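*Asks:* Below is the sequence, then the predicted model.
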Amino acid sequence: MPETLVSKEPIGVIDIGSSAIRLVIAEVGPRMAIRYLENLQKPAPLGKEVFTNGRLSHGVIRDSIEILKNFKELADTYGVKRLQTIATSAIREAANRDNFVDQVFVRTGIDVEVVEGPEENRLELIAVEHAVEGRFDFDKKNCLIIEVGSGSTEIIITTKGAVSITRSLPIGTIRLPEQAEPGKTEPAALQRIIKRYVRAIAEDFLREYDLKNIDSFIALGFNMRFLSKQVAGEPEAPLAIMKENKFSEIVKNFSKMSIEDVVDVYGIPYLDAESLYPSLLLYAGFMAETQANEIIVPMVSIRDGLLIETAQLLSGYKRTDLSRQVTSSAKSLGRKYRYDEAHALNVAQLSLKLFDLLKEDHGLGPRERMLLEVSGILHDIGMFISPTSHHKHSSYLVDAAEIFGLRKSDKDVVSNVVRYHRRSPPQPKHVTYMSLPRADRAVVSKLAAILRVADALDKSHQQKIRDFTLERYGDVCNLWVPEEVGDISLEKDALSRKDSMFTDVLGANVVLKQGIPVKAEG
């Protein structure tokens with residue numbers, strides 16, 4: 001049962017970014033009503049250290065802990081019991097990130113979650129969809145959603161409402177290509193460098209997606225929100241829209257201003273002023289690769305996405321379900337590797353039916369069901385490398401990919417499930433399997449056992465078996481398919497060679513039969 005609110009509750013979100021640490025405190029009421037109480041930020045040069053030296057100094061760790069301690073004290077005065085804290089690219093890439101996370105917990109009691117790029121994308125999409133609801137129809141548009149941060153640039157491409165591609169690019173306002181430096185590299189040279197970099201990214205995307213098909217450009221990030229409020233003259237709008245020509249004019253004007261000029265004119269901190277022009281060039285560069293003629297700027301951030309998700313959980317109202325986007329992203333990855341889509345989708349659906357019918361045997365839930373579907377979609381992508389040992393190739397292709405909405409721990413499970421959809425089951429000598437937490441090893445074994453059976457049911461890759469009736473007699477699971485399916489000798493043979501793991505893990509033998517189930521006859 002979902003946890004529900006009886007009265008309003010204050011909750012907090014802290015975002016440890018590459019150039020600042022930010023706190024949002026809001027009051028959540030029934031039906032997901034959200035009232036913002038505090039929205040604060042303190043500069044912290046985490047990214048400058050990590051992207052230069054690869055690690056955080058003791059001084060920066062000490063200063064960051066002091067900021068977090070003050071934020072925690074403020075949250076306590078509001079009676080916040082739920083304080084979710086995330087860290088993005090700077091902490092993610094720091095060689096001493098574990099030490100940082102440990103020190104923060106010991107000295108402040110704050111438990112920091114270091115999020116990967118796909119998780120950032122997921123939270124950003126939740127925030128965007130909430131902000132544009134009723135104002136924009138995702139299902140009719142091809143969108144590029146982009147946030148240029150200090151240390152990374154997050155990209156989500158959606159096609160008619162479905163996620164096609166996600167990317168976390170190692171470029172940001174304090175990590176520019178070709179040793180360019182904000183405020184030091186001449187504006188025209190900086191423009192050429194960034195334009196060349198973006199063009200290379202667009203060409204790389206061509207293997208999966210032509211950015212010229214994009215008709216809607218959605219820009220997130222502090223700098224775009226600042227631009228919309230302070231420069232474009234829309235201080236209170238929840239959603240700002242700038243025409244391309246107006247945006248180009250603004251970028252041109254900033255190219256003529258020094259960082260000191262920006263500080264004086266707009267009254268913003270030096271670090272924010274320093275990041276402004278490079279970020280605008282990155283937005284402009286990506287927009288130039290699309291057909292979009294305007295920029296849509298929702299006044300939201302990753303913090304809002306986390307806040308909205310928490311509010312949905314607490315209020316039990318209108319829970320966002322992004323599982324469709326996860327499977328859409330998996331299908332896009334499959335197409336990249338030219339998979340047999342009809343076979344993959346059939347195996348995925350057969351797997352899900354087995355999963356649903358065997359709930360009492362496996363005891364797994366919605367998360368594992370989604371991971372099984374993704375595994376079914378991607379189990380054969382290793383054929384792109386070679387048919388020989390393709391299960392191993394599938395495993396490392398999944399491990400190297402970005403799949404929207406999957407955390408690293410989720411992707412580790414999927415990578416192992418596809419690894420064990422054929423040949424030997426998991427063994428103690430298999431390092432990638434044994435390195436998983438014990439609970440996840442159990443999940444992998446159960447999902448791989450189910451996937452093996454589903455894969456055997458489409459051994460011919462002709463989708464002869466699209467459905468079945470399960471009949472259970474003690475330790476035997478009979479899978480009945482109609483006579484009109486035709487010859488299933490190939491599938492029976494495949495099942496006889498692949499069902500041993502199912503028997504070992506789930507305690508039942510699987511037998512494929514043709515005709516009408518015995519109970520149905522009676």
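*Replies:* Everything's here; your move. Bear in mind that the values here come from a model prediction, so they are computed numbers and not experimental data.

*Asks:* Kindly provide the distance from the spatially most central residue of the chain to Ala273.
*Replies:* Centroid check for the chain by C-alpha atoms, centre = their mean gives Pro118 as the closest residue, at 2.5 Å. Computed as C-beta to C-beta, to the nearest Å, the Pro118 to Ala273 distance reads 31 Å. The C-beta positions use only the backbone N, C-alpha and C, and glycine is treated the same way.

*Asks:* His421 too?
*Replies:* Spatial separation of His421 from Ala273 under the definition C-beta to C-beta is 53 Å.

*Asks:* neighbour-wise, which of the two wins?
*Replies:* Comparing His421 with Ala273 by neighbour count (other C-beta atoms under 10 Å), the higher total belongs to His421, at 28 against 24.

*Asks:* The more buried one in helix, strand or coil?
*Replies:* Reduced to three states with DSSP: H, G, I helix; E, B strand; the rest coil, the structure at His421 is coil.

*Asks:* That one touches Asp458, doesn't it?
*Replies:* No. With contact taken as C-beta atoms under 8 Å, His421 and Asp458 are classed as non-touching, separated by 12.0 Å.

*Asks:* Outline the domain layout of this protein.
*Replies:* Following automatic domain parsing, the chain resolves into domains at 9-115, 118-300, 323-521.

*Asks:* Lowest mean pLDDT across those, which one is that?
*Replies:* Of all the domains of the chain, domain 118-300 carries the lowest average pLDDT, namely a mean of 90.

*Asks:* what's the offset of that one from the middle of its chain?
*Replies:* Averaging C-alpha positions (C-alpha atoms, centre = their mean, to the nearest Å) puts domain 118-300 19 Å from its chain's average.

*Asks:* tell me which residues of the host helix or strand of Ala454 are tucked away?
*Replies:* Applying DSSP states H and E as the criterion places Ala454 in helix 438-456. Across helix 438-456, burial judged by 16 or more other C-beta atoms under 10 Å covers 440-441, 443-456.

*Asks:* Does anything pack onto the following helix or strand past it? Which helices or strands?
*Replies:* Per DSSP H and E, the first helix or strand lying C-terminal to helix 438-456 is strand 469-473. Where contact means 3 or more C-beta pairs under 8 Å, 6 or more residues apart in numbering; DSSP states H and E, strand 469-473 is packed against strand 476-481, helix 518-521.

*Asks:* and strand 469-473, which strands flank it?
*Replies:* Strands flanking strand 469-473 in the sheet, each with its direction: strand 476-481 (antiparallel) (DSSP bridges).

*Asks:* what sits up against the partner strand?
*Replies:* 358, 453, 457, 465, 467-472, 488, 508-517 (C-beta atoms under 8 Å, 6 or more residues apart in numbering).

*Asks:* 10 Å instead, please
*Replies:* With C-beta atoms under 10 Å, 6 or more residues apart in numbering as the contact definition, strand 476-481 has outside contacts at 350, 353-354, 357-358, 361, 453, 456-457, 464-472, 488, 491, 495, 499, 502-503, 506, 508-520.

*Asks:* CA-only coordinates of it in CSV, if you can.
*Replies:* What follows is strand 476-481 as a C-alpha-only set of coordinates in CSV (Å, rounded to 0.1, in the frame of the first residue of the first chain):
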residue,chain,number,x,y,z
VAL,A,476,5.5,-29.6,-13.1
CYS,A,477,4.5,-26.6,-15.2
ASN,A,478,2.8,-27.6,-18.4
LEU,A,479,2.8,-24.8,-21.1
TRP,A,480,0.0,-25.5,-23.5
VAL,A,481,-0.1,-24.0,-27.0
